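Engineer: this one's structure only:
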Ligand code: AMP
């Protein structure tokens with residue numbers, strides 16, 4: 001249970017810059033940011049490896065990842081300028097950590113989505 005890189009961050013076994021936390025979700029800065037703001041939001045409970053593994057019972061938790069990102073964006077003052085949320089699923093999307101997570105990217109114009 002939770003034996004992934006992000007599980008170790010959730011358990012504070014390895015360091016991360018934690019910027020958001022509630023009962024179900026942890027948000028921390030990406031170690032290799034792709035934008036001025038790049039935060040990862042992960043569920044703190046049972047590991048869902050990829051979006052494709054999620055069940056209907058986990059729909060609320062997945063939605064809460066979105067709302068956590070939106071709350072953080074409002075709190076940090078960049079919601080009005082805008083931001084992007086991304087969830088990579090498996091190889092073709094470049095997923096590297098198999099513990100479902102939502103990327104929040106912000107802080108500058110992000111360009112057209114989908115450029116390889
Ligand atoms: P993905 O490619 O969608 O699986 O995203 C994994 C993300 O985790 C990448 O953007 C990595 O830069 C990030 N990452 C890897 N190791 C760490 C770490 N120790 N702390 C914070 N972010 C990390």
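Structural biologist: Structure's in. What do you need? The model shown is predicted, which means the values in this text are computed figures rather than measured ones.
Engineer: what does this structure put close to the ligand?
Structural biologist: The chain has residues 5, 16, 28, 30, 31, 32, 40, 88, 94, 95, 96, 97 near the ligand, with proximity defined as C-beta under 6 Å from any ligand atom. (Glycine included, C-beta is placed from N, CA and C.)
Engineer: and the helix or strand where residue 74 lies, what does it pack against?
Structural biologist: Under the criterion of DSSP states H and E, residue 74 resides in helix 59-76. Secondary-structure packing of helix 59-76 (3 or more C-beta pairs under 8 Å, 6 or more residues apart in numbering; DSSP states H and E): strand 18-21, strand 25-29, strand 37-43, strand 83-86, strand 102-106.
Engineer: mean neighbour count for these - can I get that in a markdown table?
Structural biologist: Below are these laid out as a markdown table (neighbours: other C-beta atoms under 10 Å):
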| stretch | mean neighbour count |
| --- | --- |
| strand 18-21 | 16 |
| strand 25-29 | 20 |
| strand 37-43 | 23 |
| strand 83-86 | 15 |
| strand 102-106 | 21 |
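Engineer: now stretch 22-32: mean pLDDT?
Structural biologist: Throughout stretch 22-32, pLDDT has a mean value of 98.
Engineer: ugh, wrong one, stretch 103-116
Structural biologist: The model assigns stretch 103-116 a mean pLDDT of 86.
Engineer: and the furthest pair within the residues of the chain next to the ligand?
Structural biologist: Largest separation among the residues of the chain next to the ligand by C-beta to C-beta: 16 and 94, giving 20.4 Å.
Engineer: okay, those two: which has more neighbours?
Structural biologist: Remark: of residue 16 and residue 94, residue 16 carries more neighbours, 18 against 8, as counted by other C-beta atoms under 10 Å.
Engineer: having no further points to raise, I will conclude here.
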